[in-house]
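[1] what shape does this take:
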Amino acid sequence: MNQTPLKKNKQRRLGEYLTQYGHVSKGQLHRALEEQRKSGLRLGEVLSQLKLVSEELIAQSLASLNGFQYVSPTTMMIDPDLFLMIPEGLARRHLAVPIEARHKELTVAMVDPFNYESLNDLRFFAGIAIHPVIATRKNILDTIEQSYQFDTSSVEEIVQASAKDFEDGSIQVIPDLAETNLQQTETKSLEERSRLAPVIQLGNLILSKAIKMRASDIHIEPSKNEFRVRYRIDGLLKEDMRLPKWVQNPLTSRMKILATLDISERRLPQDGAVRVVAEGREVDLRVSTLPTNHGEKVVLRILDQSKTLSDLEHVGLNQSNLKIVQKMITKRKGMILVTGPTGSGKTTTLYAIIQELKAVTNNLTTVEDPVEYTMEGINQTQINPDIGLSFSAALRSILRQDPNIIFVGEIRDKETAQVAFRAAMTGHLVLSTLHTNDAPSTITRLVDIGIPPYLVSSSLIGVIAQRLVRKLCLKCPGPSAQETLDTLSPAEKVNDGCSHCDYSGFNGRIGVFEVLPISPKIRELIASGATDQEIRSASAAIGMTSMEEDGLEKVQSGITSMEEVARVVEKDEVFKSCCPQCQHSIRVDFLVCPFCGADSPYVCSSCGKLMQTDWTTCPYCRHKTPATLQSTHF
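    The predicted structure is shown next:
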């Protein structure tokens, strides 16, 4: 678009306006126009230089003529953080200063708000919509001199020191991810590195390091006198840098701008998203802010779209559990649940199952929060509670879409659970997740939510409970698989670490599992309202391997360490006692000690059900026990 006719039109209107209101005579205007043609300056500048009209009056006249607001930034209280959004060089080049941020829009005072090139440059750099207002050249220059005085040397030193191993710290941003619901849009770069302000450089560096170090989350945490950046790598947080307090708000604002959040709102939590390209990979960032007593904490969840999804044979299932799961997913109707706490790898396992089930003959539909990985050949829906699209609402709509297989990201409440179980009863295979400690306690959790035991027993196909343990690094010096096998003790020596694993001794994670298929006996127990321990005992009788036992197998195979299994599989999830005869540690639901063959004192020798320590008669079958139980549970 040619800007010259527009400028000439503005100049002519400005002259007419000034003469109409008696600010200049026609002769003075004619003289100014002649001078303007010689110098090539704007008419307002010429009138000011000839001292015919004050600079302030010219700015006010332009604002009145064109519907702009006139401001005097030198008299305004401007948030210092805003000056990090437009660096000093850019402000001087375009004679523009930020004055307010509100509703995902940055108000900028400018001498020439008609300059589209300047507006585009400012919008491109700040990453947010620009709302221009008019101010005088003197006011803008004075504001620049007064406001761009903060010391960025400490941040520059951090960036330079940290960037040695990260040559390209720039991040490419795909904007408006939250509004486009994860649909890919045109990618645009932020700015050349030479033009980046230190805080923006720092933000890019933090993102680049996190992605390169395989972090799943970034924590930006404020404290009283400073703030720190931590990365969650293989499930554990690791501190990477501590920064001066003044960088906190600008860096937080930068992250909020990327996620299209309201940077002026610091009192309420906010959630947003952005898609970036870093280290040659496309990555989704889920940004969450939380007000604390020392400022806003920001957590960024990293979802690597280019990451290769694991198949069912590589998530960590042993051969026995793999066969059970493969048999479970051949069912045409019913429900399969994957359980565990947040961050235990449930979604990865479900995506592996989905890859097995994906076929042109199946209509496979998901409802997730968020859609962590985009998969071809299936229909993926992301919930949006703000507009009423909850898990239960989306699930009801999906049932009208003729689905064969439904993946519900999480069962959070009674309504979602009821709809999911009805779908499982009416001829659909339903996959979902639930937060429980182990497989048997899933049954109790479903009943507590409000699902009748008869419905659970008739619809549930099986439960896969899991945790994630760190894998020993294969590239650093340490014990071999055989050495690990020979030293199965909690005090075993683990890898010393190397540069490949950042000297942690571990690289990557793998699942430890507890797979519970719902057999006829288990269905009978569920329908009768059996306890967790009764279900666990019956599960052990049909060969269910506990997470602890699965973890020990991985220790024996040299995949992980005893300390890691003990850290992840908590003691209250392991039901063990000592055999009174040989003192070996045995499970409380064993009928006999596998080491010496003695009858277990913890179960009824007649019916096999668990007994309490002070019982002399089994309340299930009336069998008399020979002596009072002496349990040594730990």
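[2] check which helices and strands the helix or strand encompassing Phe125 is in contact with.
    Taking DSSP states H and E as the definition, one finds Phe125 inside helix 116-126. Helix 116-126 sits against helix 88-94, strand 96-102, strand 105-110, strand 129-134, with contacts defined as 3 or more Cβ pairs under 8 Å, 6 or more residues apart in numbering; DSSP states H and E. From N, CA and C alone the C-beta is placed, and that goes for glycine too.
[3] now render these as a markdown table, adding mean neighbour count, distance to Leu303 and mean pLDDT.
    Below are the helices and strands packed on helix 116-126 laid out as a markdown table (neighbours: other Cβ atoms under 10 Å; distance: least, Cβ to Cβ, whole Å; pLDDT from 0 to 100):
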| stretch | mean neighbour count | distance to Leu303 | mean pLDDT |
| --- | --- | --- | --- |
| helix 88-94 | 16 | 32 | 87 |
| strand 96-102 | 22 | 27 | 90 |
| strand 105-110 | 22 | 28 | 92 |
| strand 129-134 | 19 | 26 | 92 |
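[4] can you check which of these gets nearest to Asp532?
    Proximity to Asp532 (Cβ to Cβ) singles out strand 96-102 among the helices and strands packed on helix 116-126, at 52.8 Å.
[5] now the angle from that closest one to strand 129-134?
    Counting by axes from the mean of the first three to the mean of the last three Cα atoms, to 10 degrees, strand 96-102 lies at 120 degrees to strand 129-134.
[6] hmm, back to that, so which of the helices and strands packed on helix 116-126 gets nearest Gln69?
    strand 129-134 (4.4 Å).
[7] flag every buried residue along stretch 213-221.
    Buried positions in stretch 213-221, judged by neighbour count with 16 or more other Cβ atoms under 10 Å: Arg214, Ala215, Ser216, Asp217, Ile218, His219, Ile220, Glu221.
[8] farthest pair in those?
    Arg214 and Glu221 (20.4 Å).
[9] and Gly15, which of the helices and strands packed on helix 116-126 is closest to it?
    Short answer: strand 129-134, nearest of those by Cβ to Cβ, at 17.4 Å.
[10] got a list of contacts for that closest one?
    Here strand 129-134 makes contact (Cβ atoms under 8 Å, 6 or more residues apart in numbering) with 59-60, 62-63, 68-71, 96, 99, 104-111, 113, 119, 122-123.
[11] same question, stretch 52-68
    Outside stretch 52-68, the residues within contact range by Cβ under 8 Å, 6+ apart are 10, 13-14, 17-18, 23-24, 28, 32, 44, 47-48, 69-70, 111, 113-114, 132-138.
[12] filter the residues you listed down to the buried ones.
    10, 14, 18, 23-24, 28, 32, 44, 47-48, 70, 111, 113-114, 132-137.
[13] restricted to strands, list those.
    Secondary structure from DSSP state E places Pro132, Val133, Ile134 of those in strands.
[14] just the closest of these to Asn225, please.
    Using Cβ to Cβ, Val133 comes nearest to Asn225 of those, at 36.6 Å.
[15] so the closest one bridges to which residues?
    Beta bridges link Val133 to Ala109, judged by DSSP bridges.
[16] if I look at it, how far off is Leu364?
    Distance of Val133 to Leu364, computed by Cβ to Cβ, to the nearest Å: 52 Å.
[17] and Arg195, what's its pLDDT?
    Listed pLDDT for Arg195 reads 38.
[18] for Ser118, same thing?
    pLDDT for Ser118: 90.
[19] next: Val371.
    Reported pLDDT for Val371: 81.
[20] that one and Gly409: what is the separation?
    9 Å.
[21] what about those two, which has more around it?
    Using other Cβ atoms under 10 Å as the criterion, Val371 and Gly409 rank with Gly409 on top: 25 against 18.
[22] tell me, how many residues neighbour the residue nearest to the more buried one when sequence neighbours are not counted?
    Excluding its sequence neighbours, the residue lying closest to Gly409 (Cβ to Cβ, 6 or more residues apart in numbering) is Glu368, at 3.9 Å. Residues contacting Glu368 under the criterion other Cβ under 10 Å number 19.
[23] can you give me the mean pLDDT across stretch 406-424?
    Here the average pLDDT along stretch 406-424 is 90.
[24] and the contacts of that stretch?
    The contact list for stretch 406-424, computed with Cβ under 8 Å, 6+ apart, reads 333-335, 337, 347, 350, 354, 364-369, 383, 390-392, 395-396, 398-399, 428-435, 446, 449-451, 455-456, 459-460.
[25] helix or strand next in line after the lowest-mean-pLDDT helix or strand in the chain, which one?
    Using mean pLDDT, DSSP states H and E, the weakest-scoring helix or strand in the chain turns out to be strand 188-189, at a mean of 33. Using DSSP H and E, the helix or strand that follows strand 188-189 in sequence is helix 198-212.
[26] and that following helix, what does it pack against?
    helix 153-162, strand 217-222, strand 226-233, strand 236-244, helix 248-258, strand 270-278, strand 281-292, strand 295-304.
[27] residue nearest the centroid of this protein?
    The chain has Arg301 as the residue nearest its centroid, 2.2 Å off, counting by Cα atoms, centre = their mean.
[28] low-confidence ranges, the stretch 1-150 of the chain, go.
    Applying pLDDT under 70 to the stretch 1-150 of the chain flags the ranges 1-12, 149-150.
[29] check which residues of the helix or strand encompassing Lys323 are buried.
    For Lys323, the element it lies in under DSSP H and E is helix 319-328. Buried residues in helix 319-328, counted by 16+ other Cβ under 10 Å: Asn321, Leu322, Ile324, Val325, Met328.
[30] and for stretch 205-214?
    Using 16+ other Cβ under 10 Å as the burial criterion, the residues of stretch 205-214 that qualify are Leu205, Ile206, Leu207, Ser208, Lys209, Ala210, Ile211, Arg214.
[31] try stretch 429-445
    Quick answer for stretch 429-445 (16+ other Cβ under 10 Å): 429-434, 436-445.
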